[in-house]
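Enquirer: have a look at this prediction, sequence included:
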Amino acid sequence: MTLIPARLALQQRVFPEYRAPFFNLVAQSCLQGFSLFAGDPRAEEAIHTSPGLQNGDYQHTRNLHISRGKTYVLYQRNFLDWLARWRPNVLIVEANARYLSTPIAIQWMKSRGLPVIGWGLGAPSAGKAESILRNNFLNSLDAVIAYSKAGAQQYADCGISPRRIFVAANAVAHRPTQAAPERPNSFKGGKPHLLFVGRLQERKKLDLLLQACAGLPTQLTPILTIIGDGPDRASLERLAKTVFPSAHFAGAKHGAELDPYFNQADLFVLPGTGGLAVQQAMAHALPVIVGQADGTQGELVRPENGVLLPTANLETLTTVLTSTLSDVVKLRAMGQASYRIVSEEVNLEAMLDSFAKAIKSVL
């Protein structure tokens, strides 16, 4: 296991459930200890948070969410009290200039000669005033960890030296230990099996998936399984009865319950944004069709293993599904490429390695 020679403190706005495996891995790796500082999301975000860490120290705080129109800022209480108690020799913060308590924490660390690393998606274009504020914030950091190569380039465009930028491809699962499933060069029963796993909500664009399945050529009409629950489940089931009645809604499944569904599928499809299950699907040697989101999917989905949908519309999705399902041999090769990517490049262990490099660079 990669070891981190630091007493590490890490700040997050919230502690989502999907981050628990990574933070526990970081905690195991920190030779001098690890502490996480985070608060609660806004109620409307419907983020499932983790109650704590199996390893390491967890400091829950009160988040003060301040919104005015499209402008959002955050203040986290007791940030300095946490730092004074934990006394880290490295601090990692979310690289977000709208978190008002973070610059105060950076100043606290700097006054003691201690380094601070930012971690974030990147720095997309913004108005002049916001860009100045953001660039000043980013350049106060000793190093930056980006979720993706695209995010790293955005940080470089803000004036940060490439030597201070590290890429930790956003991962939610460990490097697979099981062998890649072998699938024949034909569809079982003559029909392709399509799979979706995730929260059933509007941004996943499952209405498009149902309509696209109904519009495929007869010889490619798939067996569609939708796994998950959420606010849109009832409306999607009503839509399915009208446009694609054979769609199977299996409800929420977790952990090992998902393995049989991944193993029997031929293709994983997420027409919208988000989607933590993409990496799980790839670990089961599945090709993937995914909506283009924040740039992090680009580290996972490439021409050799799938398709990033440029736009979420019915015509594009139907065309991509038709093309992908028409060549079974190529489809299987794409699945093997998926497995290679998550085995060698995008997994929690590789993500930890990048964090360790960033931390060692500032010590």
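Expert: Structure's in. What do you need? Numbers count the residues shown, from 1 in each chain.

Enquirer: contacting residues around stretch 66-79?
Expert: Contact with stretch 66-79 is made by 11, 13, 37, 39, 59, 61-65, 96, 98-102, 104-105, as judged by C-beta atoms under 8 Å, 6 or more residues apart in numbering. The way it works is simple: take the backbone N, C-alpha and C, and place the C-beta from them, glycine included.

Enquirer: secondary structure class for K253?
Expert: coil (DSSP: H, G, I helix; E, B strand; the rest coil).

Enquirer: who does the closest residue in space to it that isn't next to it in sequence form a beta bridge with?
Expert: Leaving aside its sequence neighbours, K253 sits nearest to I227 (C-beta to C-beta, 6 or more residues apart in numbering; 5.2 Å). Beta-bridge partners recorded for I227 (DSSP bridges): V197, G251.

Enquirer: show me what contacts N96?
Expert: Counting by C-beta under 8 Å, 6+ apart, N96 makes contact with 13, 74, 102, 120.

Enquirer: let's see that with 7 Å instead.
Expert: By C-beta atoms under 7 Å, 6 or more residues apart in numbering, the contact list for N96 reads G120.

Enquirer: gap between it and Y75?
Expert: As judged by C-beta to C-beta, to the nearest Å, N96 and Y75 stand 12 Å apart.

Enquirer: show me what the nearest residue to T316 once chain neighbours are set aside is bridged to.
Expert: The shortest distance from T316 to any non-neighbouring residue, by C-beta to C-beta, 6+ apart, is to L309 (6.0 Å). Beta bridges link L309 to G291, judged by DSSP bridges.

Enquirer: okay, now L309: neighbour count?
Expert: 22 (other C-beta atoms under 10 Å).

Enquirer: try the one 3 residues further on
Expert: Neighbour count of A312, defined by other C-beta under 10 Å: 16.

Enquirer: residues touching it, list them.
Expert: When the contact criterion is C-beta under 7 Å, 6+ apart, the partners of A312 are 205, 208, 271-272, 291.

Enquirer: poorly predicted segments of the chain, please.
Expert: Counting by pLDDT under 70, the chain has low-confidence residues at 293-296.

Enquirer: domain ranges for it?
Expert: What automatic domain parsing lists as the domains of the chain is 8-172+347-362, 188-344.

Enquirer: thinking again about what came up before, for the residue nearest to K253, the count of nearby residues, please.
Expert: Neighbours of I227 under the rule other C-beta under 10 Å: 21.

Enquirer: again, but for F23
Expert: Using other C-beta under 10 Å, F23 has 22 other residues around it.

Enquirer: any idea how far it lies from C30?
Expert: F23 sits 11 Å away from C30, going by C-beta to C-beta.

Enquirer: what does L270 give?
Expert: 34 Å.

Enquirer: do S50 as well
Expert: Applying C-beta to C-beta, the value for S50 to C30 is 18 Å.

Enquirer: the more surrounded of the two?
Expert: A count of neighbours by other C-beta under 10 Å puts C30 above the other of S50 and C30, at 22 against 19.

Enquirer: what's near enough to touch that one?
Expert: 4, 6, 8.

Enquirer: do C213 as well
Expert: 194, 222, 224, 244 are the contacts of C213 under C-beta under 7 Å, 6+ apart.

Enquirer: am I right that the first one is in contact with L224?
Expert: The one in question is L194. Yes. Between L194 and L224 there is a contact under C-beta atoms under 7 Å: 4.8 Å.

Enquirer: hmm, back to that, the contacts of C30 in helices, which ones?
Expert: With helices taken from DSSP state H, there is no overlap with the contacts of C30.

Enquirer: can you list these in a markdown table and add neighbour count and distance to G198?
Expert: Below are the contacts of C30 laid out as a markdown table (neighbours: other C-beta atoms under 10 Å; distance: C-beta to C-beta, whole Å):
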| residue | neighbour count | distance to G198 |
| --- | --- | --- |
| I4 | 24 | 32 |
| A6 | 23 | 35 |
| L8 | 26 | 31 |
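
Enquirer: Y261: which of those is nearest?
Expert: Taking C-beta to C-beta as the measure, Y261 sits nearest to I4 out of the contacts of C30, at 36.0 Å.

Enquirer: how about the nearest residue to D353, chain neighbours excluded?
Expert: Nearest non-adjacent residue to D353, counting by C-beta to C-beta, 6+ apart: T2, 5.4 Å away.

Enquirer: where along the stretch 201-350 of the chain do the strands fall?
Expert: Ranges of strands within the stretch 201-350 of the chain are 223-227, 248-251, 267-270, 288-291, 306-309, based on DSSP state E, counting those that start in this stretch.

Enquirer: so who does the closest residue to G272 other than its chain neighbours touch?
Expert: Using C-beta to C-beta, 6+ apart and skipping the chain neighbours, the partner closest in space to G272 is K205 (3.5 Å). Contacts for K205 (C-beta under 7 Å, 6+ apart) come out as 271-272, 291, 312.

Enquirer: now, of the strands of the stretch 201-350 of the chain, which is deepest in the fold?
Expert: Highest mean neighbour count of the strands of the stretch 201-350 of the chain: strand 267-270, a mean of 26 (counted as mean count of other C-beta atoms under 10 Å).
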